[in-house]
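**Q** Everything below, folded, please.
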Amino acid sequence: MLKMNHISKSFPGVKALDDISIELDDGDILGLVGENGAGKSTLMKILSGAYTLDEGEIIINGEKIEHPTPAAMIERGVAVIYQELMLLPHFTVAENIYQERYPMTSFGRIDFARMNADAQEVLDRVNLPVDPKDYVKDLSVAKRQMVEIAKALSKNAKIIVLDEPTAVLADEELKTLFELVKKLSSQGISFVYISHRLKEIFELCNKITIMKDGRLVENGVTADYDTDKLVEKMVGREMGDIYPPRDVKIGDVVLKVEGLTRKGVLDNVSLELRQGEVLGLAGLAGAGRTETLRAIIGADKIDEGRITLFGEEKKFGTISDALLAGFGIVPEERKTEGLQLNNSVVFNISLPALHLYSNKFGKIIIKKERDTADEYIDVFQIRPGDKDLNVKFMSGGNQQKVVLAKWIAANCKILLVDEPTRGVDVGSKREIYTILNSLLEQGLSIIMVSSELPELIGTCDRICVMNEGHIAGELTKDEFSEEKIMKYATRDV
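**A** Coordinates of the predicted model:
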């Protein structure tokens, strides 16, 4: 169905792709893997016609595409569904599916009846139980994703690219997506599936293409790989090196949470955090993990409960109160809650604690602010190392480093980390774990929420497992296993 032969692409000062070749047969599900910056998205933008290739050729169903443009590639059945969904939230499902292709009546008006009927047919094809007249803004992220796939099918797509489709999906939603992809694959539709979650690659894909630094490492059959081999090919080191060891003496209790309750959300949550410790919060989606972090720092009001910080009882009226008391928070949604994307690295790093960079008259000392940014760019190995670069142009891993840097620059003592490596490649994950280890060595303490059980097992000293808003069980390091965590998470104890 598809051949991309010897594709190369350069931008000013960098060769983004160097002689990449891939093939896709009818019904293939190709896993495209590699670290951030490997060139995966660039290759797919060339396939979609968004970028012009410098060298190479694209052949679809035996036809060489002489001038790949977005319109030409859509006409030939190529659809790319990006992580940031391209839907209009205040329009209906049907209007989004047929955007810019509305059926018209003989009087030159939109034929809504026909559009809704046609939309229903394609929604039935993807087994999506929504009304074509529902507004997209009222749908879950998972259902919006299904609408994107329905939109692609309405254009007779034969090659569908899914770019990090599961970053915010719960387990049941993930299962539904996989069932749909497999069903469409059996009908001859081919997929390119980009994900940092290697478990998904093995579960879904029949072929794998591995990229590194804009070059092809190899094309292969999924059955020929295991996780260790795939990681080694991607990053050039073994899987066992992903979680760096640490030797930190765990000290006294620095945070004590007692009876934290919020009606319908949290039920008598109690936990303790010690100096130099990583306490993990595990559980299924909706178990109350993120809500616990938000309640601790006063982002959400609680009905009952007591928080003791460094031996002193605290009541935080606002998040600002918690930050001034020594908390830092790395939110799950770093792009909307953790960063000012349209501002520079130096702006983001200094933002939480501008008083540290100001003189007695409240004027910011620019040199001090910029020197601090340079320091953390160097310490955290933030790339590119340009403090004036807008963070929206950085990879997910480097954006996350900026989020971490701003709290350390603000002298936080307790770091609440929610999904620290979501959407981050394997190599950058190790760098983030190394940074967290160095913070623990400096005396910080961390509470970590993660949906990736290997991440919790590889980084935490203790794990509290949540279920329906309460702590269902606690595991010490010598008790860690995915099976035990899931038993508590599902109340199968």
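**Q** Could you use CA atoms for every contact and neighbour count after this?
**A** Fine.
**Q** Sticking with the closest residue to G34 other than its chain neighbours, tell me its helix or strand.
**A** For G34, ignoring the flanking residues on the chain, the nearest one in space by CA to CA, 6 or more residues apart in numbering is M211 at 5.0 Å. Assigned by DSSP states H and E, M211 falls within strand 207-212.
**Q** hmm, back to that, ok, what's across the strand from the residue nearest to G34?
**A** With DSSP bridges applied, M211 shows beta-bridge pairing to L216.
**Q** now the end-to-end length of stretch 340-353.
**A** Stretch 340-353 has an end-to-end distance of 15 Å (CA to CA, to the nearest Å).
**Q** Correction: the previous question concerned stretch 325-341.
**A** End-to-end distance of stretch 325-341: 26 Å, with CA to CA as the criterion.
**Q** Not counting it itself, show me its contacts.
**A** For stretch 325-341, the external contacting residues (CA atoms under 8 Å, 6 or more residues apart in numbering) are 297, 348, 390-392, 399-400, 403-404, 407, 411-420, 422.
**Q** And the residue nearest to G34, how far from K40?
**A** As for M211, its distance to K40 is 7 Å (criterion: CA to CA).
**Q** in whichever strand or helix holds A16, what's buried?
**A** When secondary structure is defined by DSSP H and E, A16 falls within strand 14-24. By neighbour count on 16 or more other CA atoms under 10 Å, the buried set for strand 14-24 is A16, L17, D18, I20, S21, I22, L24.
**Q** D386: which of those is nearest?
**A** A16 (19.1 Å; CA to CA).
**Q** any idea how far Q381 is from T52?
**A** Applying CA to CA, the value for T52 to Q381 is 32 Å.
**Q** What pairs with the following helix or strand past the strand holding A16, parallel or antiparallel?
**A** Secondary structure here is assigned by DSSP H and E; on that basis, the next helix or strand after strand 14-24 toward the C-terminus is strand 29-33. Applying DSSP bridges, strand 29-33 is found paired with strand 190-194 (parallel), strand 207-212 (parallel).
**Q** For strand 29-33, C-alpha coordinates in CSV please.
**A** Listed next in CSV are the C-alpha coordinates belonging to strand 29-33 (Å, rounded to 0.1, in the frame of the first residue of the first chain):
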residue,chain,number,x,y,z
ILE,A,29,-0.2,-1.8,12.0
LEU,A,30,3.3,-0.4,12.0
GLY,A,31,4.7,0.8,15.3
LEU,A,32,7.0,3.8,14.7
VAL,A,33,9.3,4.2,17.7
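**Q** Report the rounded mean pLDDT for it.
**A** Across strand 29-33, pLDDT averages out at 95.
**Q** Next: stretch 255-265.
**A** Along stretch 255-265, the predicted local confidence has a mean pLDDT of 95.
**Q** same thing with stretch 230-237?
**A** Within the predicted structure, the mean pLDDT of stretch 230-237 is 76.
**Q** Going by neighbour count, which residues in it are buried?
**A** If you call a residue buried by 16+ other CA under 10 Å, then stretch 230-237 has these buried ones: L230, V231, K233, M234, V235.
**Q** can those residues go into JSON lines with extra columns for distance to S190?
**A** Written out in JSON lines, the entries for the buried residues of stretch 230-237 read as follows (distance: CA to CA, whole Å):
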{"residue": "L230", "distance to S190": "22"}
{"residue": "V231", "distance to S190": "25"}
{"residue": "K233", "distance to S190": "25"}
{"residue": "M234", "distance to S190": "24"}
{"residue": "V235", "distance to S190": "27"}
